[in-house]
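Undergrad: Okay, sequence plus prediction incoming.
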Amino acid sequence: MKHFFLSLTIFLKMTLATAQGSIIDSLKNLLTEDRNDTTRVLLLTQIGEDYLYKDPDTALAFALKAYDLSQELKYFKGEIYSSACLAECWWSLGEFATGIKLLLPKIKEIESLKDTLILLNTYRILGQCYRDQGDFDKALEYIFRIQYHNQSLKGCPFCRIGLASIGEIYLGKNRPDSAQYYVNAAFGYPPDPGLKGLPLLVYGKTYAAYKKYDSAFYYYRQSITEFAQVENQKDLAGAYNNIATLFESRGYPDSSISYLQKSLNITRPKKFLRETMEALVLLSKAYENLNTDSAFHYYKEAMTAKDSLYSHEKQRRILTYEFNERLQQQENENAQTQFRYRTRTYVLLAATCAFLILGLILWHNNRQKQNAKIKIENAYTELKSTQAQLIQSEKMASLGELTAGIAHEIQNPLNFVNNFSEVNNELIEEMVDEIKKGNQKEAEAIANNIRQNLEKINNHGRRADSIVKGMLQHSRMSSGQKELTDINALCDEYLRLSYHGLRAKDKSFNAGFETNFDPSAGKIKVVPQDIGRVLLNLYNNAFYAVTEKVKTAGNNYEPRIIVGTKKINDKIEILVKDNGNGIPHKVFDKIFQPFFTTKPAGQGTGLGLSLAYDIIKAHGGEIKVETKEGEGTVFVVQLPV
């Protein structure tokens, strides 16, 4: 009876992260006093849960002890309970793939326990992992399972948190109306001890999405108070990041920076990687107009954290785990089908004639073909979903490919600035000597040289500034909102970013370019980061084409690309022309297909032109191409004014 009561108490409190010092001390005292080994597993697991939101490393240590002891005792329920705690520890540390890998293979076993609370807790943790990984549809699949059980389980401790989590996922899908509906529903349930601040935080995010800033500030501050009271360090840092975003959008960068520094003071020592990455990205943005060096410093740190959190390897691991699970399920189903088939065959052989057996086998085979057809169709649907995820991964990787090595390119104008500054110091000394000698004409000539050098210093300083601003502009995450953009400036900026990036990666790269911009093009409404990606792909392809032709053309060949704009009635045309080898006629119709590329293996994914085509279509425009083999290619992008 004592064992049952302790188990029920522990897992009713599970996931609530109470973080009360007295509770943890009491549990530790029980750990030293109680000699029941299975009870010890439950105590270790509960202590791990209590540390989860304020010290994940400590939580992980207790959860690992519980897991090892449960395996040693062959205590199946204890292994399931501690696995859930371990998975949530990995989630809090930003290791979403590890959490998914740990729980996915155990779903069937957990469902077989008939323990509704641990099952709902498992669904909640998987939903969190998929949500923070960016797979919102998969996250909703698991969180909605919680709400299905809530209808038949009155007083479930996951009702309020589950509804708030659904609201947060819909915010990630940019659907604030649905988010508000579920958060309102969440407030209809009693608050969960230790996590009362979570629905308040999601409510603040919803109001921020509707640009109701006063209400957003109110709920953010309420959530901060709640998280601080229960020492929920993870969600407290998240609340700091959100209120900092609000201050930055309202034009208070100093307040934004103050909250972000508070967030980093929590997340860095506690290793909350996701909140750390968010704070670094926001700091880079907040410092853009205050301190370029600081902005660039935080930007580099943010990219490092982002690569660690959302690397291609982790995404591949998640897809592999899911595929292996589906494969295992399919193998189990096949084994059961084969067993039923053998049993049926033996019975039929003993009870009927050969003709009837043959007829039944033919009927069975026909059913198998139909099932195989359905499975093939399902596999095709899953393949399309996987391709969509790979395309999203490619979008995330484009920033790294662009900025690699550009920092070295900045050194060139800085060297010019330093050299001309040293020359000016020497000229000033000569001018002073000439003035003392009374040689006025020579002093004036030296002064003119100094003026010319200062102009060169200014020009090269502007060049370095342009490169840095271009990198920072490209690093901004696309809001998806159109804004008035100087199309000529955008074309010129990304042309130089492409050129500098290729030069930094390959010092032997050498190609000329010229621009022919229509002054009447003016400003048009576009999503600048998205159109920038289109231009970057076109420029990189053009430079690649002329570089390849250099390898086979004679010495008289001059690699060159031409970029121009032209206003025609209610449209703006952007032309990117190169004098490379052109596109072969046999592959011309395939160039906009996903994953098709003419580049050697390892040099291209075949997603660039496909993404460019989708972006231009989303803007209501068109992208056309003209080519002649051996002479070159012209891409024409038309955008509505």
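TA: Ah, there it is. Numbering: from 1, shown residues only.
Undergrad: Determine the number of other residues adjacent to Leu309.
TA: Counted with other Cβ atoms under 10 Å, the neighbours of Leu309 add up to 18. C-betas here are computed from N, CA, C, even on glycine.
Undergrad: I'd say it and Glu278 touch.
TA: No. At 9.8 Å, Leu309 and Glu278 do not qualify as touching, with contact defined as Cβ atoms under 8 Å.
Undergrad: Quick check: neighbours shared by those two?
TA: Common neighbours of Leu309 and Glu278, counting by Cβ atoms under 8 Å, 6 or more residues apart in numbering, are absent.
Undergrad: What's the local residue count around Gln481?
TA: 8.
Undergrad: Please apply the same query to Thr58.
TA: Thr58 has 17 nearby residues by other Cβ under 10 Å.
Undergrad: Make sure it is indeed in a helix.
TA: Yes. Assessed with DSSP: H, G, I helix; E, B strand; the rest coil, Thr58 lies in a helix.
Undergrad: mind checking pLDDT for it?
TA: Thr58 carries a pLDDT value of 85.
Undergrad: cool, Gly606 as well?
TA: For Gly606, the predicted pLDDT is 61.
Undergrad: before we move on, what about the one 10 residues further on?
TA: With respect to pLDDT, Ile616 has a value of 90.
Undergrad: That one in helix, strand or coil?
TA: Note that with three-state DSSP, the state of Ile616 is helix.
Undergrad: Mind listing residues that contact the helix or strand hosting Glu275?
TA: Glu275 is part of helix 273-286, with elements assigned from DSSP states H and E. The contact list for helix 273-286 (Cβ under 8 Å, 6+ apart) reads 93-94, 132, 234, 237-238, 240-241, 244-245, 248, 253, 256-257, 260, 263-264, 266-268, 294-296, 298-299, 301-302, 305-306, 308-309, 472, 475-477.
Undergrad: Repeat that for stretch 423-438.
TA: Counting by Cβ under 8 Å, 6+ apart, Gln440, Glu442, Ala443, Ile446, Ala447, Asn449, Ile450, Asn453, Leu454, Ile457 sit against stretch 423-438.
Undergrad: one more time with 10 Å, if that's ok
TA: The contact list for stretch 423-438, computed with Cβ atoms under 10 Å, 6 or more residues apart in numbering, reads 420, 439-454, 456-457.
Undergrad: Could you pull up the mean pLDDT of that stretch?
TA: Rounded mean pLDDT across stretch 423-438 is 84.
Undergrad: If you count neighbours, what's buried in that stretch?
TA: Residues of stretch 423-438 classed as buried by neighbour count (16 or more other Cβ atoms under 10 Å): Asn424, Leu427, Met431, Glu434.
Undergrad: that older thread, mind giving me the PyMOL select for the contacts of helix 273-286, buried ones only?
TA: Buried members of those, defined by 16+ other Cβ under 10 Å, are picked up in PyMOL with:
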select buried, resi 93+94+132+234+237+238+240+241+244+245+248+253+256+257+260+263+264+266+267+295+296+298+299+301+302+305+306+309+472+475+476
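Undergrad: Okay, and which of the contacts of helix 273-286 map to helices?
TA: 132, 234, 237-238, 240-241, 244-245, 248, 253, 256-257, 260, 263-264, 266-268, 294-296, 298-299, 301-302, 305-306, 308-309, 472, 475 (DSSP state H).
Undergrad: Asn579 contacts Phe543, correct?
TA: No. Asn579 is beyond contact range of Phe543, at 11.6 Å (criterion: Cβ atoms under 10 Å).
Undergrad: how far away is the nearest residue to Val183 once chain neighbours are set aside from Lys212?
TA: Nearest residue to Val183 in three dimensions, chain neighbours excluded: Gly167, at 4.0 Å (Cβ to Cβ, 6 or more residues apart in numbering). Between Gly167 and Lys212 the computed distance is 15 Å (Cβ to Cβ, to the nearest Å).
Undergrad: Of those two, which one has the most company?
TA: Taking other Cβ under 10 Å, Gly167 and Lys212 do not tie; Gly167 has more neighbours (26 against 13).
Undergrad: can you give me the offset of the helix or strand that that one is a member of from its chain's centre?
TA: For Gly167, the host element (DSSP H and E) is helix 159-172. Distance, stretch centre to chain centre, for helix 159-172: 20 Å (Cα atoms, centre = their mean, to the nearest Å).
Undergrad: Kindly report the same for stretch 499-513.
TA: Centre to centre, stretch against its chain (Cα atoms, centre = their mean), the figure for stretch 499-513 is 29 Å.
Undergrad: Endpoints of it, how far apart?
TA: 9 Å (Cα to Cα, to the nearest Å).
Undergrad: Stretch 508-518 now?
TA: 32 Å.
Undergrad: Give the buried residues for it.
TA: Phe509, Ala511, Phe513, Phe517.
Undergrad: Skipping adjacent residues, who's closest to the last one in space?
TA: Nearest in space to Phe517, with sequence neighbours left out and distances taken as Cβ to Cβ, 6+ apart, is Asn488 at 4.2 Å.
Undergrad: what does the third one give?
TA: Leaving aside its chain neighbours, Phe513 sits nearest to Ile561 (4.9 Å; criterion: Cβ to Cβ, 6+ apart).
Undergrad: phi, psi of that neighbour?
TA: With angles defined as degrees, to the nearest 10, Ile561 sits at phi -130, psi 150.
Undergrad: likewise Phe416?
TA: phi -60, psi -40.
Undergrad: that older thread, buried members of the contacts of stretch 423-438 into PyMOL, please.
TA: In PyMOL syntax, the buried subset of the contacts of stretch 423-438 is picked out as below (16+ other Cβ under 10 Å):
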select buried, resi 420+443+446+450+453+456+457
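Undergrad: if you look at the contacts of stretch 423-438, which of them are in helices?
TA: 420, 440-454, 456-457.
Undergrad: sorry, back to before: of the buried residues of stretch 508-518, which belong to strands?
TA: Phe513 (DSSP state E).
Undergrad: before we move on, back to that, can you tell me how far the residue nearest to Val183 sits from Asn581?
TA: Relative to Asn581, and taking Cβ to Cβ, Gly167 is found at 54 Å.
Undergrad: so Leu163 makes contact with Ile143?
TA: Yes. Using Cβ under 10 Å, Leu163 is in contact with Ile143, at 8.9 Å.
Undergrad: Wait, a helix at Val576?
TA: No. Counting by three-state DSSP, one finds Val576 to be strand, located in no helix.
Undergrad: Let me know the pLDDT of the residue nearest to Val183.
TA: For Gly167, pLDDT reads 84.
Undergrad: That one: what's it in contact with?
TA: Gly167 makes contact with 175-176, 178-186, 198-199, 202-203, 205-206 under the criterion Cβ under 10 Å, 6+ apart.
Undergrad: Narrow these to just the buried residues.
TA: Buried members of the contacts of Gly167, counted by 16+ other Cβ under 10 Å: 176, 179-183, 185-186, 198-199, 202-203, 205-206.
Undergrad: ok, of these, which one's closest to Ile374?
TA: Tyr182 (33.7 Å; Cβ to Cβ).
Undergrad: What are the contacting residues of the helix or strand hosting the closest one?
TA: Remark: Tyr182 resides in helix 176-186, with elements defined by DSSP H and E. Applying Cβ under 10 Å, 6+ apart, the contact partners of helix 176-186 are 143, 147, 159-173, 175, 198-210, 219.
Undergrad: ok, so what distance separates the residue lying closest to Ala511 once chain neighbours are set aside from Ala63?
TA: Leaving aside its chain neighbours, Ala511 sits nearest to Pro559 (4.1 Å; criterion: Cβ to Cβ, 6+ apart). According to Cβ to Cβ, Pro559 and Ala63 sit 60 Å apart.
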